[in-house]
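Chemist: Structure for this input, please:
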Amino acid sequence: MKRRYSPRSARGGVSQSHYRLGSGSNLSGTDSIAPREGKFQKYKICLICALKVRAEMSKEEDEELERIKRRKIEEMMRNISDGAEEENQPMKPLGKPLDLTDATCNKFVEGNSLSVIDCWAPWCGPCRFVSPVIEELARDYVGKISFGKLNVDKNQRVATQYGIMSIPTLLVFKEGKLVDKIVGAMPRQMLEPKITKHL
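Modeler: Numbers count the residues shown, from 1 in each chain. Down below sits the predicted model:
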């Protein structure tokens, strides 16, 4: 009686079809898990690097903010010091107009019985026309009329306070009170009587 061939006996008790399935299953499992582990490891490394870079950037940003704060504080201290120096300057003109600021304007007005403030700006053509007239009047009326010049571009508080809408504008104060406002450029023979009538 012939013995029948069996794949199980030929493969040591394991069928060829079963062997292939098992082998394929193992390889498939190994191939699917290993790449995942490698990708996860790379992801962890990238995440750590990103956190380190972010920490370094945050440190640099904090240092830059600290430098900006120091610069602002130093600038504020300089402005306070400059304002104090301006306030301590004498407000009695000696034959020429005084350069005024928002911080010194009130002291100038209060310290002179009759004062004229020329409100101007560097870009203003008519202001340049009237400027020599103001200088002549300041020289000729020294001790009687005090003249000052106020750059409205740099000192907008006073300009807003007195409603200056166009320049040149001359603000005339007597005993600390605004008594006249002269708008526009004009020659000396027209401007002088408008000012001296307040003497």
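Chemist: For the rest of this, base every contact and every neighbour count on C-alpha atoms.
Modeler: OK.
Chemist: Find me the pLDDT at E61, would you?
Modeler: On pLDDT, E61 comes in at 77.
Chemist: likewise V53?
Modeler: 72.
Chemist: Quick check: which element contains it?
Modeler: helix 16-87 (DSSP states H and E).
Chemist: pLDDT averaged over the helix or strand just after that helix, what's the number?
Modeler: Using DSSP H and E, the helix or strand that directly follows helix 16-87 along the chain is strand 98-100. In this model, strand 98-100 has a mean pLDDT of 94.
Chemist: Strand 98-100 pairs with which strands, and in what direction?
Modeler: When sheet partners are counted by DSSP bridges, strand 98-100 sits next to strand 146-151 (parallel).
Chemist: residues in contact with the partner strand?
Modeler: Outside strand 146-151, the residues that touch it by CA atoms under 8 Å, 6 or more residues apart in numbering are 92-93, 96-101, 112, 114-122, 134, 138.
Chemist: Of those, grab the buried ones for ChimeraX.
Modeler: A single ChimeraX command selects the buried members of these (16 or more other CA atoms under 10 Å):
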select :92,93,96,97,98,99,100,101,112,114,115,116,117,118,119,120,121,134,138
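Chemist: Run through the protein and note the low-pLDDT ranges.
Modeler: Low-confidence regions of the chain, defined by pLDDT under 70, span residues 1-45, 79-93.
Chemist: tell me the domain ranges of it?
Modeler: Domain assignment for the chain by automatic domain parsing gives 15-88, 98-196.
Chemist: Most tightly packed of the ones you listed?
Modeler: domain 98-196 (a mean of 18; mean count of other CA atoms under 10 Å).
Chemist: For that domain, what is the spacing between the initial and final residues?
Modeler: 19 Å (CA to CA, to the nearest Å).
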